[in-house]
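Asks: I'd like to go over a predicted model; first the sequence, then the structure.
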Number of protein chains: 2
Amino acid sequence: MNYKFAKRNDYVKASEIREILKVTENPEIISFAGGLPASELFPIEELKKVCFEVLDKDGEASLQYSTTEGYLPLRKSICKRMATLGINSTEDNILITTGSQQALDLSGKVFIDEGDTIICESPTYLAAINAFKAYMPKFKEVSMDSDGMIMEDLESVLRGNPNAKFIYTIPDFQNPTGRTMSLDRRKKLIELANKYDVVIIEDNPYGEVRFSGEKIPPVKHFDTEGRVIYISTFSKIFAPGLRIGWICADTSFLEHYVPFKQNVDLHTNIFSQIMTYKYMEMYDIEEHIDKIKEVYKHRRELMIQCIKNYFPKNIEYTLPDGGLFIWVELPSNVDSTEVFTKSIANNVAFVPGNPFFPNGGFKNTFRLNYSNMPDDRIIEGIKRLGKVLYEFC
Amino acid sequence: MNYKFAKRNDYVKASEIREILKVTENPEIISFAGGLPASELFPIEELKKVCFEVLDKDGEASLQYSTTEGYLPLRKSICKRMATLGINSTEDNILITTGSQQALDLSGKVFIDEGDTIICESPTYLAAINAFKAYMPKFKEVSMDSDGMIMEDLESVLRGNPNAKFIYTIPDFQNPTGRTMSLDRRKKLIELANKYDVVIIEDNPYGEVRFSGEKIPPVKHFDTEGRVIYISTFSKIFAPGLRIGWICADTSFLEHYVPFKQNVDLHTNIFSQIMTYKYMEMYDIEEHIDKIKEVYKHRRELMIQCIKNYFPKNIEYTLPDGGLFIWVELPSNVDSTEVFTKSIANNVAFVPGNPFFPNGGFKNTFRLNYSNMPDDRIIEGIKRLGKVLYEFC
């Protein structure tokens, strides 16, 4: 047999994170690898009541086929919540997606022809890279500092790539670096996008999980021409297992997204859409998010304290004001995949940094997650990892 | 602003069915348009108990991120159920998808490069056409009779298209025609696929909803070389709103599907996967399917009787042994979209047949759904539609 697969198969491999997560299924392993929320915070008892209500009041509709755009009351309540972040929208601007991951895949479908250029932060979210890769673009990376994308570098990329399809950015507590784009740079980003007439895709899964520093409005807040496609999710503030994300964008964009979404999965799980809506009607999700922030703030502080205590001094790391991740830079001659192998032998996992760079080349980095481990495992894990690092640095 | 969308946008438009379903949201309208199961049969009371159990026993896992391949106990129970249809598999052959629609989109991703040829029945499932169109193939249609695809025609297409990527078929109670491929043709299909070394995608959403005639094993039952990719779903036997489908295929195929699935939505809603599994553990799904079959059999018989009574005599229609649809052929000079317009004015909806032909050209056809309307509306709707048809035929 000699099957002929499409060319895009050569670009998309099983993600490194996925293979790593397989290793970490072993409960012996202290894993700082995934991007998992703290599951002990899920509102399980509340959801028992919510599910009963959904089935009791909306039983048939919650199990039947539904509309591609998503459950109207949920779309309206998303608009209300986004207004508090400084984003004005109506339900016509909202498309419910099967997790924000689907919004990324759909963005690839809507915009990317083979060989097109797209612009992203360096490094950026691994699963966004892989979602876009299925459409075979060229990636132009924009270097970052602690205030996010460096705008001079972005402008030079825009100048050199006048047909770039979009700029992909995660401005708040970025995955993988934990960095946040400053207020001034957000304004500058809009200014440049207007000047070079390019679309911005703002991916904001972590924005509502800020536990220190001052709130900065989303890039979309500064959008003067409706060119920002804003993507977010309930995964980090509610429950990722339900796969409920959304796109907020001008209807001239959604006209392109909706038919593709329809062909991809008809509509998002309607039972879980109504669950999510009813949960917010019956309970106070802001109170729930406050609990999450408190726990993550504590874990982040504990992990940073342990890094200070146990890591070699010639290692750099970020100090996130929110989200789930710390980014570590080793001396430039150290390869974090070698550290990983040794670390796994000591039952500690993280994600090596190289795959977060679409064009590769920064092997001396790795990502740590602090949201999913209790105190004792954070202390023990960072201690062990520190020991391993002393062998390399 | 001058946004540059990908070329594939020109191929994929909002589906006609979708636009039609919008019209039919008006409760005044008697709709034979959609492919909706009878929602009054959903096991709502049972699912109240199931949801409580899921949250009580698996609360954290049911709301957390999960594996791309799907919930292992569900994959195992799917294998067991498929064995009763004559398909041998292990859990390694199963990938849970976000509805079987996602399996179609992923098949496009895995196999189709722009300009590739794919082979399908004429007519075929509209949303499969649209899912594949996003990858810009050429469609070669194989004509059908009441026994399904005509094998002489298939062989001539295979001979003329030696690089065809796959044959897409819905052998049981096909959407839109309600036709079933005969046993002999299934064997011949495998023989031809082996001879011309081509993949078969067998889409079987309706196979378990057979209410008359003798059971015929799926095409995959006759697969001697592991070249059949079998797709099915819980949408017609349980609840479409939960979006739980699956692919059963050789691992050499799933190696390609899994990374794409990961990039498309990470994994299928795990809460609904566990719900589906637990429902089958706690209740007898076969008993539930028997109820569905009984109702659909009755509605199909009633609709056929009404067609006999109220439609002009020069109209042809299929007599399905299962599934959800009857296919109607009008005299060749009649355009069913004109009938549709007139019919909607009389508050009756169906789906005009032309869009089910990927290359167009059969305007004198339409599809009727009988699963979703109670007796009185079937009688009244077919009566009114008959009156309209007498103006055209």
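Replies: Yep, that arrived. Numbers count the residues shown, from 1 in each chain, chains lettered A, B, ... in the order given.
Asks: Return the distance of the helix or strand hosting A:R185 from the chain's centre.
Replies: Here A:R185 sits within helix A:183-196, counting by DSSP states H and E. Per Cα atoms, centre = their mean, to the nearest Å, the displacement of helix A:183-196 from the mean C-alpha position of its chain is 21 Å.
Asks: same check, this time on stretch A:336-345
Replies: Its chain's average C-alpha position is 25 Å from that of stretch A:336-345, according to Cα atoms, centre = their mean.
Asks: Could you do stretch A:134-148 as well?
Replies: On Cα atoms, centre = their mean, the centre of stretch A:134-148 falls 14 Å from the chain's centre.
Asks: before we move on, what about stretch A:208-218?
Replies: 15 Å.
Asks: again, but for stretch A:148-165
Replies: 22 Å.
Asks: Show me what that stretch is in contact with.
Replies: Identification of contacts with stretch A:148-165 by Cβ atoms under 8 Å, 6 or more residues apart in numbering or on different chains yields A:111-112, A:116-119, A:121, A:137, A:140, A:142-144, A:167, A:169, A:171, A:174, A:179-182, A:185, A:188-189, A:192, A:195-196, A:198-199, B:4. In this view, the C-beta of every residue, glycine as well, is placed from N, C-alpha and C.
Asks: On the three-state scheme, the nearest residue to A:F260 once chain neighbours are set aside is what?
Replies: In this structure, A:F260 finds its nearest non-sequential neighbour in A:K109, 4.8 Å apart by Cβ to Cβ, 6 or more residues apart in numbering or on different chains. Following DSSP: H, G, I helix; E, B strand; the rest coil, A:K109 is assigned to helix.
Asks: who touches A:K109 in this structure?
Replies: The contact partners of A:K109, taken as Cβ under 8 Å, 6+ apart, are A:Y135, A:F260, A:V264, B:A6, B:R8, B:A134.
Asks: Grab the two from the residues you listed that are most spread out in space.
Replies: A:V264 and B:A6 (14.5 Å; Cβ to Cβ).
Asks: what ranges do the strands span in chain A?
Replies: Chain-ordered strands for chain A, with DSSP state E as the definition, fall at A:30-31, A:94-98, A:117-122, A:138-145, A:148-149, A:166-169, A:199-203, A:228-233, A:244-248, A:316-317, A:325-329, A:348-349, A:351-352, A:365-369.
Asks: State the mean pLDDT of the fifth one.
Replies: For strand A:148-149, the mean pLDDT works out to 98.
Asks: Direction included, what does it pair up with?
Replies: Here strand A:148-149 is paired, per DSSP bridges, with strand A:138-145 (antiparallel).
Asks: pretty sure A:T268 is touching B:D265, no?
Replies: No. If you go by Cβ atoms under 8 Å, A:T268 and B:D265 don't touch, sitting 9.5 Å apart.
Asks: So between those two, which is more surrounded?
Replies: A:T268 (31 against 27; other Cβ atoms under 10 Å in any protein chain shown).
Asks: how about stretch A:348-363, does it reach chain B?
Replies: No. Stretch A:348-363 lies apart from chain B when judged by Cβ under 8 Å from any Cβ of the partner chain; the minimum separation is 13.0 Å.
Asks: end-to-end on that stretch?
Replies: 19 Å (Cα to Cα, to the nearest Å).
Asks: Name the residues of that stretch that are buried.
Replies: A:348-358, A:362-363 (16 or more other Cβ atoms under 10 Å in any protein chain shown).
Asks: confidence score at the residue nearest the centre of chain A?
Replies: Nearest residue to the geometric centre of chain A (Cα atoms, centre = their mean): A:P205, 5.1 Å. Looking at A:P205, its pLDDT stands at 97.
Asks: Can you tell me, leaving aside adjacent residues, what's nearest to it?
Replies: A:T233 (4.9 Å).
Asks: So what pairs up with that neighbour in the strands?
Replies: A:G245.
Asks: and it, how many neighbours does it have?
Replies: Counted with other Cβ under 10 Å, A:T233 comes out at 24.
Asks: A:Y11 touches A:K133, doesn't it?
Replies: Yes. Under the criterion of Cβ under 8 Å, A:Y11 makes contact with A:K133 at 4.5 Å.
Asks: which of those two has more neighbours?
Replies: Neighbours were counted for A:Y11 and for A:K133 using other Cβ under 10 Å; A:K133 has more, 20 against 16.
Asks: which ones are touching the more buried one?
Replies: Neighbours of A:K133 in contact, by Cβ under 8 Å, 6+ apart: A:R8, A:Y11, A:V12, A:P358, B:N263.
Asks: Of those, which is the nearest to A:L36?
Replies: B:N263 (18.4 Å).
Asks: so who does that closest one touch?
Replies: B:N263 neighbours (Cβ under 8 Å, 6+ apart): A:V12, A:S15, A:Q101, A:L104, A:D105, A:A127, A:N130, A:A131, A:K133, A:A134.
Asks: all helices of the stretch 201-350 of chain A, in order?
Replies: Counting by DSSP state H, counting those that start in this stretch, one finds helices in the stretch 201-350 of chain A at the ranges A:251-265, A:270-282, A:285-310, A:336-345.
Asks: Tabulate those helices (TSV), appending mean pLDDT.
Replies: Shown next, in TSV, are the helices of the stretch 201-350 of chain A (pLDDT from 0 to 100):
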stretch	mean pLDDT
helix A:251-265	96
helix A:270-282	98
helix A:285-310	98
helix A:336-345	94
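Asks: Would you mind giving those helices as JSON lines with distance to B:L55 added?
Replies: Shown next, in JSON lines, are the helices of the stretch 201-350 of chain A (distance: least, Cβ to Cβ, whole Å):
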{"stretch": "helix A:251-265", "distance to B:L55": "25"}
{"stretch": "helix A:270-282", "distance to B:L55": "11"}
{"stretch": "helix A:285-310", "distance to B:L55": "16"}
{"stretch": "helix A:336-345", "distance to B:L55": "34"}
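Asks: which regions of chain A sit below the pLDDT cut-off?
Replies: A:1, A:13-21 (pLDDT under 70).
Asks: How much space separates the residue nearest to A:F260 from A:Q102?
Replies: Computed as Cβ to Cβ, to the nearest Å, the A:K109 to A:Q102 distance reads 10 Å.
Asks: Can you work out which residues contact both of these two?
Replies: Counting by Cβ under 8 Å, 6+ apart, the residues touching both A:K109 and A:Q102 are A:V264.
Asks: Which pair in the buried residues of stretch A:348-363 has the greatest spatial separation?
Replies: So, the buried residues of stretch A:348-363 by Cβ to Cβ: farthest apart are A:V348 and A:P358, at 27.1 Å.
Asks: Can you list the buried residues in stretch A:301-311?
Replies: A:L302, A:M303, A:I304, A:C306, A:I307, A:Y310, A:F311.
Asks: Confirm for me that A:Q101 is in contact with B:T268.
Replies: No. Counting by Cβ under 8 Å, A:Q101 sits too far from B:T268 to count as a contact (11.7 Å).
Asks: For the stretch 51-200 of chain A, what lies in contact range of chain B?
Replies: Residues of the stretch 51-200 of chain A lying close to chain B by Cβ under 8 Å from any Cβ are A:51-52, A:55-56, A:59-66, A:68, A:98-99, A:101-102, A:104-105, A:109-113, A:116, A:127, A:130-131, A:133-135, A:163, A:165, A:197, A:199.
Asks: returning to that earlier point: closest one of the buried residues of stretch A:301-311 to chain B?
Replies: Nearest to chain B out of the buried residues of stretch A:301-311 is A:M303 (Cβ to the nearest Cβ; 20.2 Å).
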